[in-house]
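> Show me the folded form of this:
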Amino acid sequence: RDVTGVQTCALPIWAIADRHQKRRILMIVHSALALAALATAVLVHFDIVVVWHLAAVGFLQGAVFAFSIPARQALIPLLVRDEDMANAVAINSTGLNMTRVLAPSLAGGLLAWEPAISFDVIAVLYIVSVFMLFRLPKDAPGVQRQSAARSVVEGFQYVWGERTVRMLLLLAFEIGRAHV
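Residues are numbered from 1 along each chain as shown. Presented below is the predicted three-dimensional model:
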C-alpha cells in the first residue's frame with residue numbers, strides 16, 4: 001500500500017497543531033477516542049454490533065487520532081529542556097513502540113476472555129489519560145502570523161534547503177512506506 005496520500009494529508013493537521021494548544025487538542029482527541037470505545041463497548045455488551053458500526057467507529061478513530069501525534073510531538077519541546085530533548089524524544093518513541101507491541105497482546109487476551117471488556121478497558125485508559133493531561137501545564141497557542149498553507153510551503157522550503165533534514169525525512173518516509 002502507498003501511504004503518500006496519508007502523509008500528504010497530514011501536513012495541514014501539523015499546521016493546525018502548531019496553531020492551537022497542544023494539551024487541549026490531546027484532551028479532545030482522547031475524549032473522543034474514549035467515547036468511541038464506550039460506544040463500541042455498549043454495542044458489544046448488548047450484542048447489537050454490526051459491521052457498519054465498526055466502520056463508523058474506525059473512521060472516527062482514524063480522523064481524530066490523526067491530530068494526536070502532531071500535538072503530542074509538538075508538546076514535547078514545551079515540557080522538556082533543550083539539553084533533555086534527545087532523551088525525551090527517545091522515551092516518547094519507545095513508549096509508542098511498546099504500546100504497538102503490548103496493546104494487541106493484552107487486547108487479544110481480553111477479547112478471548114470477554115470481548116466487551118477490552119473496549120471498557122480502552123475507554124477507561126483514555127479517560128485516565130484525559131485526567132493526566134490536566135496535570136500538564138497549559139501551553140500557549142501558536143502564533144498565527146500567516147496561513148496554514150503558507151506555513152506548509154515554508155516548511156517544504158526549509159526542508160529543501162537543509163540537505164541533512166531533507167535526507168532524514170526521505171529516509172523516514174521510505175521506512176514508513178516499507179512498514180505499511
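> Please work out the average pLDDT along the longest helix along the chain.
If each helix of the chain is counted by residues according to DSSP state H, the longest one is helix 85-113. Mean pLDDT, taken over the full extent of helix 85-113, equals 86.
> List the buried residues in it.
Ala107, Leu110 (16 or more other C-beta atoms under 10 Å). In short, each C-beta sits where N, CA and C put it, glycine included.
> Beyond it, next helix or strand please.
Per DSSP states H and E, helix 85-113 leads on to helix 115-133 as the next helix or strand towards the C-terminus.
> Low-confidence ranges, the protein, go.
Filtered on pLDDT under 70, the chain yields the residue ranges 1-9, 140-146, 176-180.
> again, only using 80
Counting by pLDDT under 80, the ranges of the chain that qualify are 1-12, 14-19, 139-152, 155, 159, 165, 169, 172-180.
> what about the helices in it?
So, for the chain - with DSSP H - the helices run 4-19, 22-45, 51-65, 68-79, 85-113, 115-133, 148-161, 163-178.
> and these as CSV, adding distance to Asp139?
Shown next, in CSV, are the helices of the chain (distance: least, C-beta to C-beta, whole Å):
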stretch, distance to Asp139
helix 4-19, 11
helix 22-45, 5
helix 51-65, 20
helix 68-79, 5
helix 85-113, 15
helix 115-133, 11
helix 148-161, 18
helix 163-178, 24
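> which of the ones you listed sits most buried?
Each of those was assessed for mean neighbour count using mean count of other C-beta atoms under 10 Å. The highest is helix 22-45, with a mean of 19.
> circling back to that earlier point, can you give me the angle the longest helix of the chain makes with helix 115-133?
Angular relation of helix 85-113 and helix 115-133 on a 0 to 180 degree scale: 150 degrees, by axes from the mean of the first three to the mean of the last three C-alpha atoms, to 10 degrees.
> Would you quantify the distance from Arg19 to Pro115?
Using C-beta to C-beta, to the nearest Å, Arg19 is found at 40 Å from Pro115.
> sorry, that was for Leu106
Leu106 sits 14 Å away from Pro115, going by C-beta to C-beta.
> Equivalent analysis for His30, please.
Note on His30: its distance to Pro115, by C-beta to C-beta, is 23 Å.
> same question, Ala32
If you measure Ala32 against Pro115 using C-beta to C-beta, the figure is 22 Å.
> swap in Asp139?
Asp139 is 38 Å from Pro115, where distance means C-beta to C-beta.
> gap between Val66 and Ser93?
Let me fix one detail, which is that residue 66 is Ala and not Val. Using C-beta to C-beta, which is the criterion applied here, Ala66 is 19 Å from Ser93.
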